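**Q** Curious how this folds, go ahead:
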Amino acid sequence: MHIKIFATILGIAGLNVLCAQPGLSPDAKVLVAMEKVRALAGEWHGSGWIQMGPQRHQFDQKESVTVKANGAVIVIDGLGRNIADSTQIIHQAYAVVSYDLKTKKYLMRAFRGDGNYVDADFSVQEDGSIVWGFTHPMAGQIRYTIRLQNGQWVETGDTSRDGQTWLPFFEMKLTQ
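**A** Numbering: from 1, shown residues only. This next block holds a predicted model:
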């Protein structure tokens with residue numbers, strides 16, 4: 001009986017070795033796509049503002065961006081604190097960005113500080129800027145644009161109810 005159990009365990013262990021992922025290398029097309037957003041990697045800090053309603057809030061922002069899974073995933077961890085009261089969190093988010101070979105599109109899932117998440121549209125434009133966004137049931141279309149300029153991460157946010165007229169509600173400027 002013990003020999004059968006030992007043989008079964010040995011067989012299962014052998015299958016694990018045969019089924020292991022050899023090399024763990026992402027597809028070259030994934031790496032090419034992810035290279036376009038790799039410049040975000042690093043520790044960023046700066047300031048910005050956000051306006052949802054009549055009051056504009058100024059904040060200090062930190063973004064920690066890391067490359068994971070052999071270059072196939074980018075993780076963005078952001079935290080913004082009120083400039084006037086650093087105990088008050090204005091913005092907190094955690095996002096995971098990858099590239100899907102089947103659809104030939106980037107995937108972004110962003111988790112907010114309130115426990116909710118959004119699967120956002122995410123694209124890299126011809127000029128190298130990154131545009132991501134989603135539709136919010138009450139605010140309409142939300143669009144963020146990230147530009148890396150002169151060593152700065154400049155991100156703007158706009159909202160639209162009709163997809164034609166865009167109103168700014170967010171801006172931040174960060175450096176490494």
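**Q** which residues touch the residue nearest in space to the middle of the chain?
**A** The residue lying closest to the centre of the chain (Cα atoms, centre = their mean) is residue 95, at 3.4 Å. By Cβ atoms under 8 Å, 6 or more residues apart in numbering, the residues touching residue 95 are 75, 76, 78, 108, 109, 110, 111, 120. C-beta coordinates here come from the backbone N, C-alpha and C atoms, glycine included.
**Q** now swap in residue 67 and tell me
**A** Counting by Cβ under 8 Å, 6+ apart, residue 67 touches 34, 38, 41, 73, 74, 75.
**Q** ok, and the closest non-adjacent residue to residue 89?
**A** With sequence-adjacent residues excluded and distances taken as Cβ to Cβ, 6 or more residues apart in numbering, residue 89 is closest to residue 81, at 5.9 Å.
**Q** Just the pLDDT at that neighbour, thanks.
**A** According to the prediction, residue 81 has pLDDT 98.
**Q** That one in helix, strand or coil?
**A** The three-state assignment at residue 81 reads strand, by DSSP: H, G, I helix; E, B strand; the rest coil.
**Q** Settle this for me: it is touching residue 113, isn't it.
**A** No: taking contacts as Cβ atoms under 8 Å, residue 81 lies outside contact range of residue 113: 11.6 Å.
**Q** joint contacts of the two?
**A** With contacts defined as Cβ under 8 Å, 6+ apart, the residues shared by residue 81 and residue 113 are residue 89.
**Q** Neighbour count for these two, which is higher?
**A** Applying other Cβ atoms under 10 Å to residue 81 and residue 113 shows that residue 81 carries more neighbours, namely 17 against 14.
**Q** Now for that one: which residues touch it?
**A** Residue 81 neighbours (Cβ under 8 Å, 6+ apart): 59, 60, 87, 88, 89, 90.
**Q** Please convert the buried members of those residues into ChimeraX selection syntax.
**A** Buried subset of the contacts of residue 81, written as a ChimeraX selection, criterion 16 or more other Cβ atoms under 10 Å:
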select :59,60,90
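**Q** ok, which stretches of this structure are helices?
**A** Remark: helices assigned in the chain by DSSP state H are 2-19, 28-35.
**Q** Pick out the shakiest of those, pLDDT-wise.
**A** Looking at those, the bottom one is helix 2-19 with a mean of 50.
**Q** residue ranges with poor pLDDT in this protein?
**A** Applying pLDDT under 70 to the chain picks out residues 1-23.
**Q** thinking again about what came up before, of the contacts of residue 95 - the most surrounded one?
**A** Greatest neighbour count in the contacts of residue 95, by other Cβ under 10 Å, goes to residue 108: 22 neighbours.
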